[in-house]
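In: A predicted structure for the sequence below; I have some questions about it.
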Number of protein chains: 4
Amino acid sequence: MNRRKERFRTDKILQHTEHFKVKFNETDALGIVWHGNYIGYFEDGREAFGRAFGISYKDIQEHGYATPIVKVLSEHQKPLRYADDAYIITTYVDCAAAKMIFNFEIYNAKDELVCTGETVQVFTDFAGNLSLTIPPFLESWKKKVGML
Amino acid sequence: MNRRKERFRTDKILQHTEHFKVKFNETDALGIVWHGNYIGYFEDGREAFGRAFGISYKDIQEHGYATPIVKVLSEHQKPLRYADDAYIITTYVDCAAAKMIFNFEIYNAKDELVCTGETVQVFTDFAGNLSLTIPPFLESWKKKVGML
Amino acid sequence: MNRRKERFRTDKILQHTEHFKVKFNETDALGIVWHGNYIGYFEDGREAFGRAFGISYKDIQEHGYATPIVKVLSEHQKPLRYADDAYIITTYVDCAAAKMIFNFEIYNAKDELVCTGETVQVFTDFAGNLSLTIPPFLESWKKKVGML
Amino acid sequence: MNRRKERFRTDKILQHTEHFKVKFNETDALGIVWHGNYIGYFEDGREAFGRAFGISYKDIQEHGYATPIVKVLSEHQKPLRYADDAYIITTYVDCAAAKMIFNFEIYNAKDELVCTGETVQVFTDFAGNLSLTIPPFLESWKKKVGML
């Protein structure tokens, strides 16, 4: 717990929990969710977080930025199966760089940890040019949510 | 056979055969290819046809048109499974309207019919405005391939 | 309207409406939902219907049946885009054969019709053997929901 | 280069290169390949490697094992777009544990590095029980390909 806290610049932890049900077409011939589909769950988690805190892809686009993913990590502890109830906890990981980092934890209906993950996004304009500094809208957002 | 021929304005039949192997992530928990993934096979078939005859999405885009799908039909006779070898026969169905119609037949390695399908596409500009007349490039293409 | 009613054996219409938001990863390079992803929306609609009326894939599996799709039809009137709010109306189409037929209508937030569709499913055991007669559980279900 | 070599127990490097063309339905509304689809490219790379060296999912299944993914890492340097020609180099990373580790490098047609990745798989039986020791078939395979 302590170690985790140190990664944050402030004590403020922004977190959102989103419940979902595994879809049939997310499973594979092993009868479990195909591992690549967790990347979609992470996006669902980020978007649910974004809608909750006003920083969805759409909000960001309206400020003139795209946020392409530059890194994805997923680690799998247990499988999920068709029609399983599950939930994803999405945590914003504050950092000083011009990046957005999210951590993910997915749990099944028994509250067992199924999967953890991380995504890192950068900021570009719509022509794909990288922003080396933190976009002003992100600074404003951080102030609004109590991170700065 | 006769009936089929009548659908064509000319005797010229443009057809392309593309072989493929079923991917693991195309299967579902029943152990068979999830039915929605056949729509991707149809797109693969259309694109292989397009590359063979110079009328892929990319070729069409270079003429200033997008070709959104307005109708998809798929009918399923047999399942495909992970690692199955299969092939798709894509046939251009000539028609007098400002549309592109393709028929698809997918066969397994035993040459058994697995799936048939049809897609209908219209022509729009990149703002989404429908072209009510056949685009000039399509007329040229039809002449080049011997349909007009 | 009259024509539609005639397709039903009874006046009882079972229908379920499910709201959804378009995901970023459902869009394509034209900026609209890729047409093949509507097949997933139809499955979501069927499953929401199934949970509402006790006839989801999972319910059916517990009776020893799989219900592979043998036909899919989709027709597209308008595009959907990332983050659009939409809803799908799923209607059970009663029929005398050993099949399950569903109709779908997808509307955008302005209540404009975006897409219509139909799926036809048959009943098999888990080894894939087709059931030529209506499974007893389906007869019971029809009675329970007032169709017989 | 030196550093990389040290990760291997032997000097034998097993590597396979597979060419592919980006499909339209792999793109998203930013006009680039959606990041989650790279997990599918990794699977394609692993499978192409597996067919080349006799260790595909199917080969492994015939020995009574499934190989669920327990970790995925992807890092993205450049985007890929619809119809881009690209290739994936899949490298088997030898390790002493009951795991299979693969590294991936994806390059575009200009030989620019687009994406790197890693997957880690474990061995289970079809009931999902983890194998704590290296399966005999893997030992045999390693001998056959000159790793042991």
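Out: Thanks, I have the structure now.
In: contact partners of stretch A:54-71?
Out: A:47, A:49-50, A:99-100, A:118-126, A:128, A:131, A:135, A:137, A:141, A:144, C:24, C:82-83, D:30, D:32, D:35, D:73-77, D:79 (Cβ atoms under 8 Å, 6 or more residues apart in numbering or on different chains). No exception for glycine: its C-beta is placed from N, CA and C like everyone else's.
In: what's the local residue count around the nearest residue to A:Gly50 once chain neighbours are set aside?
Out: Closest residue to A:Gly50 apart from its sequence neighbours, by Cβ to Cβ, 6 or more residues apart in numbering or on different chains: A:Ser56 at 3.1 Å. For A:Ser56, the tally of surrounding residues (other Cβ atoms under 10 Å in any protein chain shown) stands at 19.
In: can you check A:Asp125 too?
Out: Neighbour count for A:Asp125, taken as other Cβ under 10 Å: 12.
In: show me what contacts it?
Out: By Cβ under 8 Å, 6+ apart, the residues touching A:Asp125 are A:64-66, A:131.
In: picking that back up, show the buried residues in the contacts of stretch A:54-71.
Out: Buried members of the contacts of stretch A:54-71, counted by 16 or more other Cβ atoms under 10 Å in any protein chain shown: A:47, A:49-50, A:99-100, A:118-124, A:131, A:135, A:137, A:141, C:24, C:82-83, D:30, D:32, D:35, D:73-76, D:79.
In: pLDDT (mean, whole number) over the helix or strand A:Gln121 falls within?
Out: If you go by DSSP states H and E, A:Gln121 is part of strand A:113-122. For strand A:113-122, mean pLDDT rounds to 98.
In: for it, which outside residues touch it?
Out: For strand A:113-122, contacts defined as Cβ under 8 Å, 6+ apart pick out A:38, A:41-42, A:46, A:67-80, A:86, A:93, A:98-108, A:130-131.
In: just the ones in strands from those residues, please.
Out: A:69-76, A:86, A:93, A:99-108 (DSSP state E).
In: now for the one helix or strand A:Asp44 maps to, which elements pack on it?
Out: Per DSSP H and E, A:Asp44 falls inside helix A:37-53. Helices and strands touching helix A:37-53, by 3 or more Cβ pairs under 8 Å, 6 or more residues apart in numbering or on different chains; DSSP states H and E, are strand A:15-21, helix A:57-62, strand A:69-76, strand A:85-93, strand A:99-108, strand A:113-122.
In: with respect to C:His16, which of those lies nearest?
Out: Nearest to C:His16 among the helices and strands packed on helix A:37-53 is strand A:15-21; the distance by Cβ to Cβ comes to 15.2 Å.
In: ok, the closest one: who's next to it in the sheet?
Out: Here strand A:15-21 has these sheet partners by DSSP bridges: strand A:85-93 (antiparallel).
In: any buried residues in the partner strand, and which?
Out: Neighbour count says strand A:85-93 has A:86-93 buried, by 16+ other Cβ under 10 Å.
In: now stretch A:81-92: how far from the chain's centre is it?
Out: 12 Å (Cα atoms, centre = their mean, to the nearest Å).
In: oh, that last question was meant for stretch A:134-148, not what I typed.
Out: 17 Å.
In: need the phi and psi values for A:Ile134.
Out: Per-residue torsions, A:Ile134: phi -70, psi 130 (degrees, to the nearest 10).
In: residues in contact with it?
Out: Taking Cβ under 8 Å, 6+ apart as the test, what A:Ile134 contacts is A:97-98, A:123.
In: tell me where the model's unsure across chain A.
Out: In the predicted model, chain A carries pLDDT under 70 at residues A:1-11.
In: ok, now how distant is the residue most central in space within it from A:His16?
Out: Closest to where the C-alpha atoms of chain A average out (Cα atoms, centre = their mean) is A:Arg46, at 3.7 Å. Relative to A:His16, A:Arg46 is positioned 9 Å away (Cβ to Cβ, to the nearest Å).
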